[in-house]
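>>> sequence unknown, structure follows:
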């Protein structure tokens, strides 16, 4: 049974890494497309581009954090509702 739990933990960790990599890739593409013109002459970022990227990344991470917190709260609420329903149904089944 312990190896099953270890396998499940590894699966969760792998999924989390995959989701973070996906978020990073989407954030990179979105912010680059928004802040850096497709044709550029300078190898370094201009000040306006750097500021735009900083703001874009900050917004992206803030929204990602807010969504994560909201989903966690919804999941906990769903779990509490299911436990309440199960406890209400158990006395009915014993009757």
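Arrived safely, thanks for sending. This one's a predicted model, so the numbers in the text were calculated from it and none came from an experiment.
>>> what about residue 45, is that helix, strand or coil?
Counting by DSSP: H, G, I helix; E, B strand; the rest coil, the backbone at residue 45 sits in coil.
>>> Okay, helices next: where are they in this protein?
With DSSP state H as the definition, the chain shows helices at residue ranges 2-35, 47-94.
>>> Tell me what angle the last one forms with helix 2-35.
Here helix 47-94 points in a direction 140 degrees away from that of helix 2-35 (axes from the mean of the first three to the mean of the last three CA atoms, to 10 degrees).
>>> how far is helix 47-94 from where the chain is centred?
Here helix 47-94 is found 9 Å from its chain centre; the criterion is CA atoms, centre = their mean, to the nearest Å.
>>> mind giving me a markdown table with the helices of the chain and columns for mean pLDDT and mean neighbour count?
All C-beta spots, glycine's among them, are computed from the backbone N, C-alpha and C. As requested, the helices of the chain are arranged in a markdown table below (pLDDT from 0 to 100; neighbours: other CB atoms under 10 Å):
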| stretch | mean pLDDT | mean neighbour count |
| --- | --- | --- |
| helix 2-35 | 88 | 11 |
| helix 47-94 | 88 | 11 |
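>>> nearest to residue 41, of the ones you listed?
Residue 41 lies closest, by CB to CB, to one member of the helices of the chain: helix 47-94, at 12.3 Å.
>>> Give the other helices and strands that the closest one contacts.
With contacts defined as 3 or more CB pairs under 8 Å, 6 or more residues apart in numbering; DSSP states H and E, the packing partners of helix 47-94 are helix 2-35.
>>> roughly how far is the helix it packs on from the heart of the chain?
The gap between the average C-alpha position of helix 2-35 and the chain average comes to 8 Å, counting by CA atoms, centre = their mean.
>>> Could you dump the helices of the chain into JSON lines with distance to residue 41 added?
As requested, the helices of the chain are exported to JSON lines (distance: least, CB to CB, whole Å):
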{"stretch": "helix 2-35", "distance to residue 41": "16"}
{"stretch": "helix 47-94", "distance to residue 41": "12"}
